[in-house]
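>>> sequence isn't available, so here's the structure alone:
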C-alpha cells in the first residue's frame, strides 16, 4: 500500500499526537500538486464521469480555464490531514464537513492546513478547523473535522 502512495506523492512520517498532547491552536499542514493522474484515479474510484471534470472543451464552454478538479478529491486530503498529520496515528474520523469555495484545476498546488479548535476530554474528541489554499494563497476549500483521539 505504501508503494502505491509513494507513486502519487511522497509519504510523510506519520505524527502520533495523543488526546492529551492536543491543544487549541496546534497546527499542521502539508502541500500537494494536483495531477492528471489524481484526476484519473479519482474518476476510477468514484465513477464520476461528469464532463466538467473530464472534458476540457466542456469546461471551457462553462467559463473555466480547464477541467475542474473533483471537489471531493480536494476534500479527501482532509482525511490525510487527520490520519497522518493532526493527530495522525491515533485518529479515528467521526465527521468531516466540507465547503467548496473556489474551483481547483490540474497543476494547482494545494496547502492543506488544520488547526485544533477544541479538545473534548470527556468524549475523547478534537475539532479541527481545516482549510485548503491554492498556490496564490486563495482559500479553495474549508472544513470542520471531528476526530476521536486515543488518550
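Right, received. Where do you want to start? Small disclaimer: the values here were computed from a predicted structure and weren't measured.

>>> excluding chain neighbours, give the residue nearest to residue 141 in space.
Nearest non-adjacent residue to residue 141, counting by Cβ to Cβ, 6 or more residues apart in numbering: residue 132, 4.0 Å away. For every residue, glycine as well, the C-beta is placed using N, CA and C.

>>> what does residue 71 give?
residue 100 (4.4 Å).

>>> burial of that neighbour, as a residue count?
Number of residues near residue 100 (other Cβ atoms under 10 Å) recorded here: 15.

>>> contacting residues around it?
Residues in contact with residue 100 (Cβ atoms under 8 Å, 6 or more residues apart in numbering) are 71, 74-75, 140-141.

>>> what's the offset of the helix or strand residue 28 falls within from the middle of its chain?
Assigned by DSSP states H and E, residue 28 belongs to strand 27-33. Between the centre of strand 27-33 and the centre of its chain there are 9 Å (Cα atoms, centre = their mean, to the nearest Å).

>>> list of residues touching that strand?
9, 12, 15, 77, 80-81, 84-86, 107-116.

>>> just the buried ones from the residues you listed?
Buried members of these, scored by 16 or more other Cβ atoms under 10 Å, are 15, 77, 80-81, 84-86, 108, 110-116.

>>> so which of the contacts of residue 100 belong to strands?
Of the positions in the contacts of residue 100, 140-141 sit in strands, assigned by DSSP state E.
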